[in-house]
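> Next input, structure requested:
(2 chains)
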Protein chains: 2
Amino acid sequence: MVAGAADVLRRRGLHATSVRDLAKHSGSPLGSTYHYFPGGKTQLAAEAVRFADELTAAALADELQAGPVAGLRAFTAMWRSILVDSNFQAGCPVLAVSIEDQPEGNDEPRTAAAAAFDNWAGLLSEALRAHGAGADVAQQSATLIVASLEGAVAMCRADRSTDALDRTARALESVVQGVTAEDHATG
Amino acid sequence: MVAGAADVLRRRGLHATSVRDLAKHSGSPLGSTYHYFPGGKTQLAAEAVRFADELTAAALADELQAGPVAGLRAFTAMWRSILVDSNFQAGCPVLAVSIEDQPEGNDEPRTAAAAAFDNWAGLLSEALRAHGAGADVAQQSATLIVASLEGAVAMCRADRSTDALDRTARALESVVQGVTAEDHATG
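Predicted structure coming up:
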């Protein structure tokens, strides 16, 4: 049910989605949604963001074992697949939640989104540091990677083409090569 | 009315916004909205995106006259003001429109969003080329700038802090300095 909710958020965002939509998309009866998520849409959205966070972080951590350039390429390839496989209808559920104003007191999805971005940037920063980047440069470059891939995915959805992602990926690869002293055999 | 619509889109996105919201926010009677925008919400959203595009492009073109580094700093400062002045409630209306799936045949806001991103990246690319970057690198770096500032603004909204934008800005400044042969006296 949480995976289904993440998929709806990728496509439509939080405001445009009702608990009914979330239940329908995940093939669950509406009653069971309220049973498992008594906090309703807000709670389910926060769980969906955490689900996307963990899935992405696990893949990214795994891919970064082959070095920051290889990790960057795999991370970019993941976003490209999401775009192409959905015919540019799906993007990032974490971004979708981030840009919608949230009712006072219901900021659990937003704080989960902030934690997800931090988590991914932290993994990238660690890999850059392990390959020779200084602490500040690693943190700045890692934030640049997360920010630009998120922005590029949105630009690709607007343009119905992967051009923005492809260009961003090439620019990021130069950045990563510039800030690391990575052995090219492992990158 | 178009400026008001752009402001609502910055905050809430398209799906979560009704024509009534747009009229209310812009202080216009609902009837006049339909009078001036017979295409309703879709048409008004597209106009709002074009309005944000033109306003941003005019400011960016002006700022880039002092060189790509100065232009980048002013562009970043503009986004920081939008975030801080709205207490992180407002972001980019172009991004908001880009990530929402649109009903078939109503893709005018989306194509206006794609044109806006292209327009801004084109201005940045031109400035980078004028300061020594090669054509491909200029295009890739310009796309990186637009993508990463858009993504960083969303990350800042999630985090209710300008950290992601500040880090991204520092990383971008290194990129711009690296790809241009800019005279430091003018940058």
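
> Which pLDDT value belongs to A:Leu30?
The score at A:Leu30 is 73. That number is its pLDDT.

> ok, now how distant is it from A:Ser18?
According to C-beta to C-beta, to the nearest Å, A:Leu30 stands 10 Å off from A:Ser18. (Glycine included, C-beta is placed from N, CA and C.)

> what does A:Trp120 give?
29 Å.

> if you count what's nearby, which of the two comes out ahead?
It is A:Trp120, of A:Trp120 and A:Ser18, that has more neighbours when counted by other C-beta atoms under 10 Å in any protein chain shown, with 23 against 13.

> Quick one: name whatever helix or strand follows the helix or strand containing that one.
A:Trp120 is part of helix A:108-130, with elements assigned from DSSP states H and E. Once helix A:108-130 ends, the next helix or strand along the chain (criterion: DSSP H and E) is helix A:135-159.

> Assign the residue lying farthest from the centre of chain A to helix, strand or coil.
The centre of chain A is farthest from one residue, A:Gly31, which by C-alpha atoms, centre = their mean lies 29.5 Å away. When classified by DSSP: H, G, I helix; E, B strand; the rest coil, A:Gly31 comes out as helix.

> how far away is it from B:Ala138?
For A:Gly31, the distance to B:Ala138 - C-beta to C-beta - is 57 Å.

> Please apply the same query to A:Thr42.
Counting by C-beta to C-beta, the gap from A:Thr42 to B:Ala138 is 44 Å.

> Ok, A:Ala130 next?
For A:Ala130, the distance to B:Ala138 - C-beta to C-beta - is 31 Å.

> more neighbours, the two?
B:Ala138 (23 against 14).

> Show me what counts as buried in stretch A:80-97.
By neighbour count on 16 or more other C-beta atoms under 10 Å in any protein chain shown, the buried set for stretch A:80-97 is A:80, A:82-83, A:88-97.

> hmm, that stretch in reach of chain B?
Yes - judged by C-beta under 8 Å from any C-beta of the partner chain, stretch A:80-97 comes into contact with chain B at A:89, A:91, A:94-97.

> would JSON lines of the residues you listed with pLDDT, secondary structure and distance to A:Ala66 be doable?
Formatted as JSON lines, those follow (pLDDT from 0 to 100; DSSP: H, G, I helix; E, B strand; the rest coil; distance: C-beta to C-beta, whole Å):
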{"residue": "A:Gln89", "pLDDT": "92", "secondary structure": "coil", "distance to A:Ala66": "31"}
{"residue": "A:Gly91", "pLDDT": "94", "secondary structure": "coil", "distance to A:Ala66": "26"}
{"residue": "A:Val94", "pLDDT": "95", "secondary structure": "helix", "distance to A:Ala66": "24"}
{"residue": "A:Leu95", "pLDDT": "95", "secondary structure": "helix", "distance to A:Ala66": "26"}
{"residue": "A:Ala96", "pLDDT": "92", "secondary structure": "helix", "distance to A:Ala66": "30"}
{"residue": "A:Val97", "pLDDT": "91", "secondary structure": "helix", "distance to A:Ala66": "30"}
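
> between those, which is nearest B:Gly151?
Nearest to B:Gly151 among these, counting by C-beta to C-beta, is A:Leu95 at 7.4 Å.

> got a list of what the closest one touches?
By C-beta atoms under 8 Å, 6 or more residues apart in numbering or on different chains, A:Leu95 lies in contact with A:113, A:150, A:153-154, B:99, B:151, B:154.

> where in chain A is pLDDT low?
Residue ranges of chain A with pLDDT under 70: A:15-16, A:26, A:102-104, A:182-187.

> again, only using 90
Applying pLDDT under 90 to chain A flags the ranges A:1-45, A:100-107, A:181-187.

> okay, the buried residues of stretch A:80-97 in a markdown table with distance to A:Ser174 next?
Output for the buried residues of stretch A:80-97, formatted as a markdown table (distance: C-beta to C-beta, whole Å):
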| residue | distance to A:Ser174 |
| --- | --- |
| A:Arg80 | 18 |
| A:Ile82 | 24 |
| A:Leu83 | 22 |
| A:Phe88 | 26 |
| A:Gln89 | 31 |
| A:Ala90 | 28 |
| A:Gly91 | 25 |
| A:Cys92 | 23 |
| A:Pro93 | 29 |
| A:Val94 | 26 |
| A:Leu95 | 24 |
| A:Ala96 | 29 |
| A:Val97 | 31 |
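
> Spatially nearest residue to A:Ala121 (excluding sequence neighbours)?
Spatial nearest neighbour of A:Ala121, chain neighbours left out: A:Ala142 (4.3 Å); criterion: C-beta to C-beta, 6 or more residues apart in numbering or on different chains.
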